[in-house]
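Peer 1: here is the input, now give the coordinates:
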Amino acid sequence: NNALLYPGLGLGTIVSGASRVTDAMLLAAAKAVAGQVDVSVAGASLLPPVEDLRASSAIVAAAVARAAVDEGVATKFHDDVDAAVHEAMWTPEYSPFDVDNDEEAGR
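Peer 2: Below is the predicted model:
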């Protein structure tokens, strides 16, 4: 599923500063997605749950960044790739919303 692979692929590419995306980086992303499920359990899903997309993307990104280093296309190197991935992740911040005041204002 694209939603499970591409956010981490893009993030790992950014974190590593990769000059290009290699076949090994794509393979690392696919293996990282597949590695998040236990297919030995009868009836198990072949994909991690979409509800865990943020955590799944971080796992994929770290695998991609490591593959970029191994492939020699990384321009950024981190002692702690997992920490670099989490630091680079966007976190939404929402302003408080007061339903009562908006209804009174006719919005």
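Peer 1: how about stretch 84-98: buried residues?
Peer 2: Residues of stretch 84-98 classed as buried under the neighbour-count rule (16 or more other CB atoms under 10 Å) are 84-85. Glycine gets a C-beta too; all of them are placed from N, C-alpha and C.
Peer 1: er, stretch 58-69 actually
Peer 2: 58-68.
Peer 1: which of these sits closest to residue 49?
Peer 2: Distance to residue 49 across the buried residues of stretch 58-69 (CB to CB) is lowest for residue 59, with 13.0 Å.
Peer 1: okay, the buried residues of stretch 58-69 in a markdown table with secondary structure and pLDDT next?
Peer 2: Output for these, formatted as a markdown table (DSSP: H, G, I helix; E, B strand; the rest coil; pLDDT from 0 to 100):
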| residue | secondary structure | pLDDT |
| --- | --- | --- |
| 58 | helix | 97 |
| 59 | helix | 97 |
| 60 | helix | 97 |
| 61 | helix | 98 |
| 62 | helix | 98 |
| 63 | helix | 98 |
| 64 | helix | 98 |
| 65 | helix | 98 |
| 66 | helix | 98 |
| 67 | helix | 98 |
| 68 | helix | 98 |
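Peer 1: so which strand or helix has residue 40?
Peer 2: Residue 40 is part of no helix or strand, with elements assigned from DSSP states H and E.
Peer 1: please read the previous query as pertaining to residue 21.
Peer 2: Counting by DSSP H and E, there is no helix or strand that carries residue 21.
Peer 1: per-residue pLDDT, it?
Peer 2: Residue 21 carries a pLDDT value of 98.
Peer 1: please name the residues that touch it.
Peer 2: Contact partners of residue 21, counting by CB atoms under 8 Å, 6 or more residues apart in numbering, are 9, 13.
Peer 1: distance to residue 89 for the buried residues of stretch 58-69 - can I get that in TSV?
Peer 2: Listed next are those as TSV, based on distance: CB to CB, whole Å:
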residue	distance to residue 89
58	7
59	12
60	12
61	8
62	11
63	15
64	14
65	13
66	17
67	19
68	17
